[in-house]
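Q: pasting the structure only:
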Ligand SMILES: Nc1nc2c(ncn2[C@@H]2O[C@H](COP(=O)(O)OP(=O)(O)OP(=O)(O)O)[C@@H](O)[C@H]2O)c(=O)[nH]1
């Protein structure tokens, strides 16, 4: 029998599945129905596992593209940046909308008022907003950014490589956001593919019980992958007939028993294992099992599916549904799409988004729900909140200009709405709204809660900004109450560890280079820009060398900026070893032809604050403001007599053209610029405390301007830093990475030896929990011998997978200076015969001993 994968409703009946009615309301809110038929899904995985290849098939089968794009030919839809196409990797996550199953002419796209659903969710067309995320460790921040807006995720594994280091990292990050996930074991057509080993690795390394929902169908039990065994519906699916994988033949279990007996028996064994594992986590499955005379095979597929959905949505997330195929060979993608719709949640099934308002945290409904008015977050003005959205990604598109991807969490953003950006504290209008389909952007009138859409024409919004719309909004005024401080799920940007210098080729090119950099920074807030006053050079700092390489390619290639870009170097930091007494600095000079004058009192001292904490602005009391940066610097400004909460007395003390918030912002900017360049070697200062006093009576003049105040603060702090360093030289600090290496038993000794002796690292644990996991006792530890997995074609004995697994399971966690990790991958491959993998993240910055400092500085001078 041939399945065209479109006439879906009859499928359940065809396969002897009892139809259940899930929603039988005669008065259904159309917006709720629309949302219940939406999936905001991400694809996460290790680099090269096949995310883009799978996405291309998804778009093709759903009818949004006419041909299947090829990563290797650079013709895919999602990897649209030239840099991505050239390297064949995904850098920027792309958000694309499509429908699955495809909307049939009989089925309207807009839901009717009366809805009677039956059979699997995938028997009705759903809107899928798919966010493709990058797999490389340098883009972890990009992954985190997308995770915030996802309701569910598909994790794609390479069936030859199994669970790789980066997969484990992203899986755990998604777990921290409590995102329901399913797994697709891809590339099972490749020589050496090992589904069984991969399933066991899922249990051991992703810390959940694999629920095998499909098993591979190898031709003749060995060799080529031709289809999959559907454990839920007890049938075999064979991809045959059409090159593009659009034709699938389905065989019921009785039919298989006559012609493919061993395969049919394995599907039945898998069904027993599936029902068993579900029964352990879902009471309804136990009931169903008892109702069907304890016959694992008699339970209808729909009940197994419903049980799977319940366990996937459980907060404990201890069950991991596993599907399989080979996207490149067009095997397995359609049922995977069904699983997305059937098992992953709609926005209605997700917890309330986290927010912070003025350093208080809670959820959005605590803020907007009038009934929750007693919560600490309640603001009476919140009833005027019309919409609240997160700009999760900004992309400069050569054809359409700057696209701001948003997820709306409350209300609805209407075309032309005035948006207040609570991160930038400014307002701008949203001229046009779009939904992005594969190659087309379709203009829409609104982006309602739960949906992902694109706003074009915004001049300021950056990735990560919170955008709100409120009633009675005025372009110039701030939103009332604490609404101006509302932030959706802020994420901490880790401190950058590499930097490069950028210089326009000539003065005439300066403006264009600056504009290109400004767009790059709007797109990617994990890049940081600073200007070195002495050399006049602009420094661009980032998370990794690939991160900066891509930024360079974007600047020179995509934005055609005419600039010279320096070598990519490690971003060391300087820190003080002594303090200074306060000095008073009065700046008097002519700025832009006008006399300018401003003063400030400043002192500096070493601080214990470590690098890597999220930047904050503290309102210590009404006369003191403290800014903390992720470099561990604190800038504490006291402004006696000038209250932050009551500006009535400011008039007599502050010249009329200035304001206290403006002055504080100028001082902050000036001090940050001074801290960007340390006096010893020009590296940014870290763990430094700066204390300033703004005495209105003696330091504010009629000639005081914002730029004069900023310059005064900058000069005063630079002077203090120089003085401290002259009295007792600064120490250099270097980034130290937390490195997790996965190797075979046989290479363990040589890798440990290399890390601890040759690279000066400190081995923290072997096979223990690492920094990626939550608290050790929260992690589910699973014995691979208790996991069901079908035998692999070339597997020798039944115990070998488990022992192979333990051989490949050695894990080393170490702290190693970043400098020693440059080029480590090639070295590790050489030491482990190509099988070792590793991930690393910044663990902190450490003061260097004088000998090491000398070596590093000598090496820099040589360069
Ligand atoms: N044999 C085989 N190769 C595959 C399969 N899926 C993907 N590939 C190949 O694997 C390579 C990587 O595939 P991609 O789809 O770019 O992987 P990705 O996960 O998107 O990679 P990044 O974007 O770099 O993270 C390409 O050469 C694909 O052709 C598969 O099912 N079988």
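A: Here it is on my side, so go on. This one's a predicted model, so the numbers in the text were calculated from it and none came from an experiment.

Q: middle-most residue in this structure, spatially?
A: residue 144 (1.9 Å; C-alpha atoms, centre = their mean).

Q: going by neighbour count, list what's buried in stretch 701-709.
A: 701, 704, 705, 706, 708, 709 (16 or more other C-beta atoms under 10 Å). For the C-beta atoms, the positions are set from N, CA and C on the backbone; glycine is no exception.

Q: out of those residues, what pair is the most spread apart?
A: 701 and 706 (13.3 Å; C-beta to C-beta).

Q: turn the buried residues of stretch 701-709 into CSV, columns for secondary structure, pLDDT and distance to residue 56.
A: Compiled in CSV, these are given as follows (DSSP: H, G, I helix; E, B strand; the rest coil; pLDDT from 0 to 100; distance: C-beta to C-beta, whole Å):
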residue, secondary structure, pLDDT, distance to residue 56
701, coil, 90, 64
704, coil, 91, 59
705, coil, 91, 55
706, helix, 89, 51
708, helix, 93, 57
709, helix, 94, 54
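
Q: of all those, which comes closest to residue 487?
A: Checking the buried residues of stretch 701-709 one by one against residue 487 (C-beta to C-beta), the nearest turns out to be residue 706, at 25.4 Å.

Q: quick one: low-confidence ranges for the stretch 701-850 of the chain?
A: Along the stretch 701-850 of the chain, segments meeting pLDDT under 70 span 768-778, 794-809.

Q: before we move on, what about the stretch 51-200 of the chain?
A: 69-94, 104-118, 132, 134-140.

Q: which residue ranges form the strands in it?
A: Taking DSSP state E, counting those that start in this stretch as the test, the strands found in the stretch 51-200 of the chain are 94-100, 115-118, 126-132, 152-158, 181-186.

Q: show me what the first one is packed against.
A: Same thing as strand 94-100. Counting contacts by 3 or more C-beta pairs under 8 Å, 6 or more residues apart in numbering; DSSP states H and E, strand 94-100 is packed against helix 51-61, strand 126-132, helix 333-343, strand 432-436, strand 452-456.

Q: the third one too?
A: The elements that strand 126-132 packs onto, with contact taken as 3+ C-beta pairs under 8 Å, 6+ apart, are strand 38-45, helix 51-61, strand 94-100, helix 333-343.

Q: quick one, the last one and strand 94-100 angle?
A: It stands for helix 333-343. Angle of helix 333-343 versus strand 94-100, following axes from the mean of the first three to the mean of the last three C-alpha atoms, to 10 degrees, is 90 degrees.

Q: tell me which residues touch whatever residue of the stretch 151-300 of the chain ends up closest to the ligand, please.
A: With C-beta to the nearest ligand atom as the measure, residue 187 is the residue of the stretch 151-300 of the chain nearest to the ligand, at 4.0 Å. Shown in contact with residue 187 (C-beta atoms under 8 Å, 6 or more residues apart in numbering): 49, 50, 158, 159, 160, 193, 326, 327, 328.

Q: tell me the secondary structure at the last one.
A: Translated: residue 328. helix (DSSP: H, G, I helix; E, B strand; the rest coil).

Q: what separation is there between it and the ligand?
A: Residue 328 sits 3 Å away from the ligand, going by C-beta to the nearest ligand atom, to the nearest Å.

Q: quick one: the nearest residue to that residue once chain neighbours are set aside from the ligand, how far?
A: Closest residue to residue 328 apart from its sequence neighbours, by C-beta to C-beta, 6 or more residues apart in numbering: residue 53 at 5.4 Å. Distance, residue 53 to the ligand, using C-beta to the nearest ligand atom: 3 Å.

Q: what of residue 485?
A: For residue 485, the distance to the ligand equals 37 Å [C-beta to the nearest ligand atom].

Q: re earlier: deepest-packed of the strands of the stretch 51-200 of the chain, please.
A: strand 181-186 (a mean of 28; mean count of other C-beta atoms under 10 Å).

Q: ok so, going back, how far away is the residue of the stretch 151-300 of the chain closest to the ligand from residue 328?
A: Here the criterion is C-beta to C-beta, to the nearest Å. By it, residue 187 lies 7 Å from residue 328.

Q: same question, residue 275
A: Distance from residue 275 to residue 328, by C-beta to C-beta: 32 Å.

Q: residue contacts, the residue nearest to the centre of the chain?
A: By C-beta under 8 Å, 6+ apart, the neighbours of residue 144 are 173, 491.

Q: now do the helices in the stretch 701-850 of the chain.
A: Counting by DSSP state H, counting those that start in this stretch, the stretch 701-850 of the chain has helices at residues 706-727, 745-753, 800-808, 824-832, 850-862.

Q: the ligand is nearest to which of those helices?
A: Nearest of those (C-beta to the nearest ligand atom): helix 824-832, 14.6 Å.
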